[in-house]
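S.K.: Sharing a model prediction with you, sequence too.
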Amino acid sequence: MKKTIQERMVEEDMVREKIDENGNKWRKVYFGGGEHFKNWLEQCKELGEVEVEEVDATGFKCYEESVEKLYRIWVKIDNKNNKTNTLDIIN
């Protein structure tokens, strides 16, 4: 059964942090696409190490019907003090 947009958004809201295969912690700072994504990505690169993850757009009708991709931007958390530089003010 296909999930509703509301169900997908609730799932996405629960995705906040991850730990990679090397034990590094990452904080999600953005979810979306298009020009907003490009702007966020450029700003995040100035703050630290960044990772981009393409997300399955199933359930997000506007992305399903377009050629636009859906992404998460992750910023590496400083293991010394559990901070992502100035990004902590927006989370």
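M.R.: That came through fine.

S.K.: Which positions in the worst-scoring helix or strand of the chain on mean pLDDT come out as buried?
M.R.: None of the helices or strands of the chain scores lower by mean pLDDT, DSSP states H and E than helix 61-64, at a mean of 80. Residues of helix 61-64 classed as buried by neighbour count (16 or more other CB atoms under 10 Å): Tyr63. No exception for glycine: its C-beta is placed from N, CA and C like everyone else's.

S.K.: Alpha carbons of it, in PDB - could you do that?
M.R.: Output of helix 61-64 as PDB, limited to C-alpha atoms (Å, rounded to 0.1, in the frame of the first residue of the first chain):
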ATOM      1  CA  LYS A  61       3.700  14.000  -5.800                       C
ATOM      2  CA  CYS A  62       5.400  17.100  -7.000                       C
ATOM      3  CA  TYR A  63       8.700  15.300  -7.200                       C
ATOM      4  CA  GLU A  64       7.200  12.100  -8.600                       C
END
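
S.K.: quick check, distance from the helix or strand that His36 is a member of to the centre of its chain.
M.R.: Element membership for His36, per DSSP states H and E: helix 34-45. Averaging C-alpha positions (CA atoms, centre = their mean, to the nearest Å) puts helix 34-45 11 Å from its chain's average.

S.K.: again with stretch 44-63
M.R.: Relative to where its chain is centred, stretch 44-63 has its mean C-alpha point 5 Å off (CA atoms, centre = their mean).

S.K.: hmm, back to that, and the helix holding His36, what does it pack onto?
M.R.: Where contact means 3 or more CB pairs under 8 Å, 6 or more residues apart in numbering; DSSP states H and E, helix 34-45 is packed against strand 25-32, strand 50-55, strand 70-76.

S.K.: Mind putting those strands into JSON lines with mean neighbour count, mean pLDDT and distance to Met1?
M.R.: Formatted as JSON lines, the helices and strands packed on helix 34-45 follow (neighbours: other CB atoms under 10 Å; pLDDT from 0 to 100; distance: least, CB to CB, whole Å):
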{"stretch": "strand 25-32", "mean neighbour count": "18", "mean pLDDT": "96", "distance to Met1": "23"}
{"stretch": "strand 50-55", "mean neighbour count": "15", "mean pLDDT": "96", "distance to Met1": "20"}
{"stretch": "strand 70-76", "mean neighbour count": "20", "mean pLDDT": "96", "distance to Met1": "21"}
